[in-house]
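Trainee: here is a sequence together with a model predicted from it:
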Amino acid sequence: MNIRVAIFEDNHNLRDGLFQLINGSYEFQCVGAYANCNSLLRNIEESKPHVVLMDIEMPGMNGIEAVKLLKEKHPDVKILMETIFEDNEKIFQSICNGAEGYILKNTSPVQILSAIKEIYEGGAPMTPSIATKVLKMFKNQSSHDSKNSFDLTDREKEILKCLVEGMSYKLIADHCYISLDTVSGHIKNIYKKLQVHSKSEAVVKAIKGRIV
């Protein structure tokens, strides 16, 4: 079955390029390409996408507002935000409103398709630099906010923090003075406790749940 993708992007050239990329790729189908979100719900109901590629900056209703509305009415639709810059506040708002992933517009075509597939399969694509910025935003929120530890040990929290900061397994092993096998074992336990299946899912859950 093809992954049905709807695009909301006000830049005509970029919108057309994404349309051609998605429709010209195996396993993908662009079911709608729109210049704004002014008819968002009608567009979604007509196109019935699995994944929405959403520009964060658009005239009229912007991408952040659109995410909130879309998640209220169609919570099962996955949303992948895109922007030309890494803006802490807007990234923070988008994720709070329910966006599952976040990519930059200069992401390569192959990586865009990979991110769409990952988000469709339940992942949460997000570059390490963006994940780190989001983590900083959450840390700046009120210290009175609730925090869920998911029964992670101190070592597991330390390793999860390393994942959030974009470290590879080897870097984590070096940082924590443990073997690669031990890192893999801890990460399997972290995934099980968080009920996730990928690094990107773990990163977003850690950020949303203020675990680290």
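Mentor: Done, it's in. Residues are numbered from 1 along each chain as shown.

Trainee: only C-alpha atoms for contact and neighbour calcs from this point on.
Mentor: Fine.

Trainee: measure L41 to K48 for me?
Mentor: 10 Å (Cα to Cα, to the nearest Å).

Trainee: can you give the domain ranges for the protein?
Mentor: For the chain, the structural domains run 3-125, 141-208, going by automatic domain parsing.

Trainee: which of those domains comes out lowest on mean pLDDT?
Mentor: Ranked by mean pLDDT, the domains of the chain bottom out at domain 141-208, with a mean of 82.

Trainee: contacts for stretch 54-63, please.
Mentor: Outside of stretch 54-63, the residues within contact range by Cα atoms under 8 Å, 6 or more residues apart in numbering are 7-10, 36-38, 64, 79-83, 90, 94.

Trainee: mind listing what's buried along it?
Mentor: Within stretch 54-63, the residues scored as buried using 16 or more other Cα atoms under 10 Å are 54-58, 62-63.

Trainee: K68 and D16, how far apart?
Mentor: 25 Å.

Trainee: compare the two (neighbour count), which wins?
Mentor: Shown here are K68 and D16; by other Cα atoms under 10 Å, K68 has more neighbours (19 against 15).

Trainee: near the closest residue to that one other than its chain neighbours, how many other residues are there?
Mentor: Excluding the flanking residues, the one nearest K68 by Cα to Cα, 6 or more residues apart in numbering is N97, at 4.9 Å. Neighbour count of N97, defined by other Cα under 10 Å: 18.

Trainee: so who does N97 touch?
Mentor: Applying Cα under 8 Å, 6+ apart, the residues near N97 are 64, 67-68, 71.

Trainee: neighbour-wise, which of the residues you listed leads?
Mentor: Of these, with other Cα under 10 Å as the count, V67 tops at 27 neighbours.

Trainee: return the strand or helix carrying K68 as CSV; C-alpha atoms alone will do.
Mentor: For K68, the element it lies in under DSSP states H and E is helix 63-73. Only the C-alpha atoms of helix 63-73 are listed here, as CSV (Å, rounded to 0.1, in the frame of the first residue of the first chain):
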residue,chain,number,x,y,z
GLY,A,63,1.6,25.6,10.5
ILE,A,64,1.6,25.7,14.3
GLU,A,65,-2.1,26.6,14.4
ALA,A,66,-2.8,24.0,11.7
VAL,A,67,-1.2,21.2,13.7
LYS,A,68,-3.4,21.9,16.7
LEU,A,69,-6.6,22.0,14.6
LEU,A,70,-5.7,18.9,12.6
LYS,A,71,-4.8,16.8,15.7
GLU,A,72,-8.1,17.8,17.4
LYS,A,73,-10.1,16.6,14.4
